[in-house]
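Chemist: Got a predicted model here, sequence first, then my questions.
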Amino acid sequence: MKRLPDSRSEAAFDRARSVIPGGVNSPVRAFRAVGGSPFFVASARGSKIRDIDGREYLDYVGSWGPMILGHAPQEVLAAVAKAAEKGTSYGAPTVAEVEMAELLSGAIPSLEKVRLVSSGTEACMSALRVARGFTGRDDIVKFEGCYHGHSDGLLVKAGSGAATFGVPTSPGVPRDYAKHTLVLPYNDLQAVRALVKKRWKSIAAIIVEPIAGNMGVVPPAPGFLEELRALTERNGIVLIFDEVITGFRLCYGGAQSIYGIAPDLTCLGKIIGGGLPAAAYGGRREIMASVSPEGPVYQAGTLSGNPLAVAAGMAQLKTLRENPSIYANLESRSAQLSEAFRGVVVNRVGSMLTPFFTTGPVTDWDSAAKADTKKFAKFHRHMRTQGIALAPSQFEAWFVSYAHTNGDIERTARAIHAFRG
Ligand SMILES: *Cc1c(COP(=O)(O)O)cnc(C)c1O
């Protein structure tokens, strides 16, 4: 591949690779799937991100979801600065944490009680432990193509088609542990019905992204979430909505508010931290009563409810609450963006969208995986030369932020039209 002339980023990447595995602190930041090497960031503001070579990109990664107001929004910066003056961590309760829990519970009524944690991974891992503790059952069900963080039992790949015992996707995950993760195809109610009928007594929880975002955007088929709710309720299974992406992305609340379904537990992250490490899990009062010290299920965190993260998250959430026009604006900009594509399948829900280089439809992992990833890689390189930053994988969501202007979207549309696949 031709070397891009961004010498500072490439030099930084060479340096990084000798002290950091693969040169990155999260594998999705590497550009292996699209070619080239990642740019190193100097700063970001609004819809733009700037690299250490002084190049500016229109950014549709948005830190993988949190930056719904764009980068460095004034409200969030001011709140963080003010909080930092008072100390950066106490390891003791604050009123701000209570306000944050009240805010989340007010926006998402199924969250009767909430525990703050520091990452989406922690939220999902903890919610599953609580579900197991509460039900006394060991198995969990997840859907192929859904990502719920990198905790051991969730790094499990599906066999094709029918339910399979989980096989670890990563070395380091014991088989004995992964076997408790049962994997089904997304949107496949037949498979869920069959599995629940056979094994309900051992299933603690079904965890699902109510709108999948981690195989690219895949919305739930009509009736999918409704029947998951009915089946779990009938069989004493805890239904967990992983709303780490969808929480506050589509409306002031969760995807659950849009679909009108109350899960037993919900996981949040990304947007609720305003770009700092805050996440949460919560739900039905009697289930959350199992969490230590109220109950026997242990879960803890030195930095949980960190004052800077809580200040940033609350500032972002209050801005969203007080400006309902933000979501209407995101909807129209995102619709405008999705109309720019020709000859690809665009899955979009609100301001999360994925153009799949396939003839579609894309409804689950198998249909997503038919996408032409070589063509996507070429598209990604083309967009980079046009000054537009996209996640370096076909199987990711693009995030439109409130800072993206009409002009930004038009510029993006021109860049898309200029692509000669
Ligand atoms: C990002 C993500 C997670 C993991 O969150 P981290 O903060 O990266 O640990 C979990 N679930 C979903 C749906 C996500 O998109």
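Modeler: Nice, thanks for sending it over.
Chemist: K270 and G65, how far apart?
Modeler: To G65, K270 is 4 Å away according to Cβ to Cβ, to the nearest Å. To be clear about C-beta, it is placed using only N, CA and C from the backbone, and glycine gets the same treatment.
Chemist: Which secondary structure state is assigned to A377?
Modeler: helix (DSSP: H, G, I helix; E, B strand; the rest coil).
Chemist: Enumerate every residue touching it.
Modeler: Residues near A377 by Cβ atoms under 8 Å, 6 or more residues apart in numbering: 33-35.
Chemist: So for the residue of the stretch 51-200 of the chain found nearest the ligand, what's the pLDDT?
Modeler: Going by Cβ to the nearest ligand atom, the ligand is nearest to G120 of the stretch 51-200 of the chain, at 2.1 Å. Predicted confidence (pLDDT) for G120: 98.
Chemist: thinking again about what came up before, most neighbours among the contacts of A377, please name it.
Modeler: Neighbour counts for the contacts of A377 (other Cβ atoms under 10 Å) peak at V34, which has 22 neighbours.
Chemist: Please tell me I have it right and it contacts F376.
Modeler: Yes: counting by Cβ atoms under 8 Å, F376 is a contact partner of V34 at 7.3 Å.
Chemist: where does M314 land in three-state SS?
Modeler: M314 ends up helix, using three-state DSSP.
Chemist: ok, now how distant is it from the ligand?
Modeler: 18 Å (Cβ to the nearest ligand atom, to the nearest Å).
Chemist: One more: L231?
Modeler: 21 Å.
Chemist: returning to what we had before: return every residue with contacts to both of V34 and F376.
Modeler: Joint contacts of V34 and F376 (Cβ under 8 Å, 6+ apart) are S393.
Chemist: Can you give me the distance of V41 to K318?
Modeler: 27 Å.
Chemist: let me fix that: H180
Modeler: H180 is 40 Å from K318, by Cβ to Cβ.
Chemist: Could you do L58 as well?
Modeler: For L58 relative to K318 (Cβ to Cβ), the value is 27 Å.
Chemist: out of those two, which sits in the more crowded spot?
Modeler: Taking neighbours as other Cβ under 10 Å, L58 and K318 compare with L58 leading, 22 against 14.
Chemist: So that one belongs to a helix, correct?
Modeler: No: using three-state DSSP, the assignment for L58 is strand, not a helix.
Chemist: For it, which non-adjacent residue is spatially closest?
Modeler: Excluding the flanking residues, the one nearest L58 by Cβ to Cβ, 6 or more residues apart in numbering is I388, at 4.9 Å.
Chemist: Just give me the neighbour total for that neighbour.
Modeler: 18.
Chemist: residue contacts, it?
Modeler: I388 neighbours (Cβ under 8 Å, 6+ apart): 57-58, 60, 411-412, 415.
Chemist: what about the closest residue to the ligand within the stretch 201-350 of the chain, distance to A312?
Modeler: The nearest approach of the stretch 201-350 of the chain to the ligand comes at V244, 3.6 Å away (Cβ to the nearest ligand atom). V244 is 16 Å from A312, where distance means Cβ to Cβ.
Chemist: Look at A42 and tell me its secondary structure.
Modeler: Once three-state DSSP is applied, A42 turns out strand.
Chemist: burial of it, as a residue count?
Modeler: 15.
Chemist: Am I right that it is in contact with R50?
Modeler: Yes: if you go by Cβ under 8 Å, A42 and R50 touch, sitting 5.1 Å apart.
Chemist: ok, back up a step: report the contact partners of the nearest residue to the residue of the stretch 51-200 of the chain closest to the ligand once chain neighbours are set aside.
Modeler: Spatial nearest neighbour of G120, chain neighbours left out: G269 (3.3 Å); criterion: Cβ to Cβ, 6+ apart. G269 makes contact with 119-120, 123, 244, 247, 278-280, according to Cβ under 8 Å, 6+ apart.
Chemist: Could you report the separation of G269 from G260?
Modeler: 23 Å.
Chemist: By mean pLDDT, flag the weakest helix or strand of this structure.
Modeler: strand 164-165 (a mean of 56; mean pLDDT, DSSP states H and E).
Chemist: what's downstream of it, the next helix or strand?
Modeler: Using DSSP states H and E, the helix or strand that directly follows strand 164-165 along the chain is strand 167-168.
Chemist: Mind giving me the packing neighbours of that next one?
Modeler: In terms of contacts (3 or more Cβ pairs under 8 Å, 6 or more residues apart in numbering; DSSP states H and E), strand 167-168 is packed against strand 156-157, helix 175-178.
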